[in-house]
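Colleague: give me a model of this one.
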Amino acid sequence: MSKSGFGSYGSMSAQGGASGGSDQPSEGGVAPATKTSRPRARIQDIIPCCVNQLLTSTLVDNVFKIRGIVVSQVSIVGIIRQAERAQNGIIYKIDDMTSKPIEARHWLGRDKVKQTTPLPVGVYAKVFGILKCSAGTKSLEVLKIRVLEDMNEFTVHILETVNAHMTLDKGREETAGESVPLAPSQRDDVRESEESLIRKEVLRLIHECPRREGKSIQELQTQLCGLSIKAIKEAIDYLTTEGYIYSTVDQEHFRSAD
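Modeller: Numbering: from 1, shown residues only. Predicted structure coming up:
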């Protein structure tokens, strides 16, 4: 476990590519140092997060903290809502529906940006970046951005996010005294973000099931193997109460109301 309380979720350099993972350099990767004056950065521990966690993180003495743990280099997955060229790069708005979209600035340099086509609006993308704050507004400085090739990657990201922040809690307990306890409101915000991610993924899996009887709880547990059956049933109860899904042949199978 790292000093931050997280396990190592992957390493990559600003030149693109992730060691030990499937992420490789692409057109969405950061330009080589010879083509931009911005300094190269390196990710050691990439912490998977949701946008709400980034936007509600605390900033003290230029250090960001989520739940009392220092965080800088993160990954998020969301829909590209906006993509615009700027003087030295491309500015994206990434939305994972846990809060308002976050701005992600992909610096490329003047020459490179003219040759680079922004990723299309409306697609899901995975972003590796460094959390920044300017004039009170938090944003990401993109190290790498790419379109998801498989929506299962979204499921994996959600599971990694929940697992990472559970590990964070454990790390805080083991290093008691290094940080101040969270206020109840902060704990509630984080819990709601995690629950929102789980609900959206359960709803997506149910919605994509073509069978008349719908998706079973057992199938959901298999696909969301990192989640407890309790968390899955809580998501189903919420979605049923709100009218997003309904039971079919029994109380173990569900279909989307859409």
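
Colleague: assign residue 212 to helix, strand or coil.
Modeller: coil (DSSP: H, G, I helix; E, B strand; the rest coil).

Colleague: which residues sit in contact with it?
Modeller: Contact analysis of residue 212 by Cβ atoms under 8 Å, 6 or more residues apart in numbering lists 248, 255. For the C-beta atoms, the positions are set from N, CA and C on the backbone; glycine is no exception.

Colleague: how many residues are close by residue 228?
Modeller: Residue 228 has 11 neighbours, counted by other Cβ atoms under 10 Å.

Colleague: confirm residue 246 sits in a strand?
Modeller: Yes. Counting by three-state DSSP, one finds residue 246 located in a strand.

Colleague: thought it was touching residue 240?
Modeller: Yes. Counting by Cβ atoms under 8 Å, residue 246 touches residue 240, with 6.7 Å between them.

Colleague: tally of neighbours for residue 155?
Modeller: 20.

Colleague: which residues of the protein fall in helices?
Modeller: For the chain, applying DSSP state H gives helices covering 51-55, 110-115, 152-174, 184-208, 217-223, 229-241.

Colleague: can you say which of those helices is packed in most?
Modeller: helix 51-55 (a mean of 22; mean count of other Cβ atoms under 10 Å).

Colleague: can I get it in PDB? Just the C-alpha atoms.
Modeller: What follows is helix 51-55, C-alpha atoms only, in PDB (Å, rounded to 0.1, in the frame of the first residue of the first chain):
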ATOM      1  CA  VAL A  51     -16.100  14.000 -10.800                       C
ATOM      2  CA  ASN A  52     -18.000  14.900  -7.700                       C
ATOM      3  CA  GLN A  53     -15.100  13.800  -5.500                       C
ATOM      4  CA  LEU A  54     -12.700  16.000  -7.500                       C
ATOM      5  CA  LEU A  55     -15.000  19.100  -7.400                       C
END
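
Colleague: which strands or helices does it pack on?
Modeller: strand 73-85, strand 102-107, strand 137-147, helix 184-208 (3 or more Cβ pairs under 8 Å, 6 or more residues apart in numbering; DSSP states H and E).
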